[in-house]
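A.B. asks: after the sequence you'll find the predicted model.
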Amino acid sequence: MKTVTKGAPELPLNQILAGDCIDAMNSLPENSVDLIFADPPYNLQLKGDLHRPDNSKVDAVDDEWDQFSSFAAYDEFTRGWLKAARRILKPDGAIWVIGSYHNIFRVGASLQDAGYWILNDVVWRKSNPMPNFRGKRLTNAHETMIWASKSEGSKATFNYEALKALNEGVQMRSDWVLPICNGHERLKNDNGDKAHPTQKPESLLHRVLVGATNPGDVVLDPFFGTGTTGAVAKKLGRNFIGIEREENYRKLAAKRIAKARPFEADSLKVSTSKRAQPRVPFGQLVERGMLTPGDELQSLNGRYRAKVRADGTLLAQKTSGSIHQVGAALEGAPSCNGWTYWCYKQDGKPVPIDALRQQIRDEMGEHAN
């Protein structure tokens, strides 16, 4: 059954589309997708079988879908799917592409040539990488993800505070240490072998979707595989569209996603970035009587006092101006965040005026809902 977003063109939400990814994307409405997560073929260029020291064969990526006749053929394929992907992204949409050293540099150049604007490259450092059995190179312990907006002027979703919260209050870095997919999460076929050679861990998609989407957003994966993107999107209250040409992968993905259970709606809310919150001028606190002209504010360090004026400026030691300008002048600093610098008295205790601003923001959020 197709899900229809009210007031928008019909989209095959929460479905897996069969067939070529370019054809499938070209069939979708323009500017209809919030985020694309792409795990394209890596074009590994393997030469012969790979064996462990005990002579057992390594289950490497040697599937037909990962094989291209030349770099030129791979580049043509890459340009084709990136063009189709960019058409369906919303103006403020973004894309994440993951790859290895075999392909990610070629993909990055094609991204820029197609008009995308690169925001970050993220190194996924594997905490448990496969060892290098031949001993002729360094152990390949990471993959690279490129995060890019649709264009330079796009305002891509970035839940900075949510990622910071995931990282125990420290801002998220561009190197992520996460294990590869194994154990109970690794899907197996009827023979007990890995169902897909490059299945990504759900932890990786969880971090991407929490950081770059909001509940209800549409996330498309043009190389759906066994459905990691769809399973995580469903749990996090996002809509997904998967595209996969291999029937066996589609069957595994559908079965996996059917078992996935969405988290409770109130648990899907994430810490929002202060930059994304509505702007509240200090003067609005005065207009609404939360502070009145003549009220005295004190600096957080207790060294300075300032009086509130009717026009929303402050006066302190013959210095007047905005809450930021006066704080900077008193401290002899190039800048100052007046919202956290100035305090008012409540029950005899200093409270940053930012608490009053947040009250107004909370009211705005209630009215929006």
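C.D. replies: Nice, I can see it.
A.B. asks: got phi/psi on the closest residue to Gln359 other than its chain neighbours?
C.D. replies: In this structure, Gln359 finds its nearest non-sequential neighbour in Met290, 7.5 Å apart by Cβ to Cβ, 6 or more residues apart in numbering. Glycine gets a C-beta too; all of them are placed from N, C-alpha and C. Phi and psi for Met290, reported as degrees, to the nearest 10, are phi -70, psi -30.
A.B. asks: my guess is Met290 contacts Ala355. True?
C.D. replies: No: between Met290 and Ala355 there is no contact under Cβ atoms under 8 Å: 9.9 Å.
A.B. asks: more neighbours: those two, which one.
C.D. replies: Met290 (16 against 13; other Cβ atoms under 10 Å).
A.B. asks: which parts of the protein are strands?
C.D. replies: Taking DSSP state E as the test, the strands found in the chain are 15-18, 33-38, 89-99, 117-126, 142-149, 175-178, 218-221, 239-244, 296-299, 305-308, 314-316, 319-321, 342-346, 349-352.
A.B. asks: which among those is found nearest to Ser110?
C.D. replies: strand 89-99 (9.5 Å; Cβ to Cβ).
A.B. asks: what comes up buried for that closest one?
C.D. replies: By neighbour count on 16 or more other Cβ atoms under 10 Å, the buried set for strand 89-99 is 89-90, 93-99.
A.B. asks: just checking, Val351 touches Cys343?
C.D. replies: Yes: when contacts are counted by Cβ under 8 Å, Val351 is listed as touching Cys343 (5.7 Å).
A.B. asks: which helix in the protein has the most residues?
C.D. replies: As assigned by DSSP state H, the longest helix anywhere in the chain is helix 71-88.
A.B. asks: what's it packed up against?
C.D. replies: In terms of contacts (3 or more Cβ pairs under 8 Å, 6 or more residues apart in numbering; DSSP states H and E), helix 71-88 is packed against helix 21-26, strand 33-38, helix 104-113.
A.B. asks: tell me what angle the longest one forms with strand 117-126.
C.D. replies: Looking back up the chat, that one is helix 104-113. Here helix 104-113 points in a direction 160 degrees away from that of strand 117-126 (axes from the mean of the first three to the mean of the last three Cα atoms, to 10 degrees).
A.B. asks: can you work out which other helices and strands pack against helix 104-113?
C.D. replies: helix 71-88, strand 89-99, strand 117-126, strand 142-149.
A.B. asks: please repeat the previous calculation with a cut-off of 7 Å.
C.D. replies: helix 71-88, strand 142-149 (3 or more Cβ pairs under 7 Å, 6 or more residues apart in numbering; DSSP states H and E).
A.B. asks: parallel or antiparallel, which strands does the shortest one pair with?
C.D. replies: Strand 142-149 sits in its sheet next to strand 89-99 (antiparallel), strand 117-126 (antiparallel), going by DSSP bridges.
A.B. asks: which one, of these, ends up nearest to Val270?
C.D. replies: Comparing the strands paired with strand 142-149 by Cβ to Cβ, strand 89-99 comes nearest, at 16.6 Å.
A.B. asks: quick one: contacts of the closest one?
C.D. replies: 31-40, 42, 85, 107, 116, 143-150, 154-156, 208, 212 (Cβ atoms under 7 Å, 6 or more residues apart in numbering).
A.B. asks: make it 8 Å
C.D. replies: Under the criterion Cβ atoms under 8 Å, 6 or more residues apart in numbering, residues 31-40, 42, 85-86, 104, 107, 111, 116, 119, 124, 143-151, 154-157, 200, 208, 212 lie in contact with strand 89-99.
A.B. asks: which of the residues you listed count as buried?
C.D. replies: Buried, going by 16+ other Cβ under 10 Å: 32-40, 42, 85-86, 104, 107, 111, 116, 119, 124, 143-150, 154, 156-157, 200, 208, 212, out of those.
A.B. asks: and stretch 12-32, C-alpha only, in CSV?
C.D. replies: These are the backbone C-alpha positions of stretch 12-32, laid out as CSV (Å, rounded to 0.1, in the frame of the first residue of the first chain):
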residue,chain,number,x,y,z
PRO,A,12,6.1,5.3,-2.9
LEU,A,13,6.9,5.8,0.8
ASN,A,14,8.2,2.9,2.9
GLN,A,15,8.5,0.7,-0.2
ILE,A,16,11.3,-1.1,-2.0
LEU,A,17,11.4,-0.4,-5.7
ALA,A,18,12.7,-3.0,-8.0
GLY,A,19,15.0,-2.2,-10.9
ASP,A,20,17.8,0.2,-12.0
CYS,A,21,18.4,3.0,-9.5
ILE,A,22,18.6,5.7,-12.2
ASP,A,23,15.3,4.6,-13.9
ALA,A,24,13.6,4.4,-10.5
MET,A,25,14.8,7.9,-9.4
ASN,A,26,13.8,9.4,-12.7
SER,A,27,10.3,8.1,-12.1
LEU,A,28,10.0,10.1,-8.8
PRO,A,29,8.8,13.7,-8.5
GLU,A,30,11.3,16.4,-8.6
ASN,A,31,12.3,18.0,-5.3
SER,A,32,10.6,15.4,-3.2
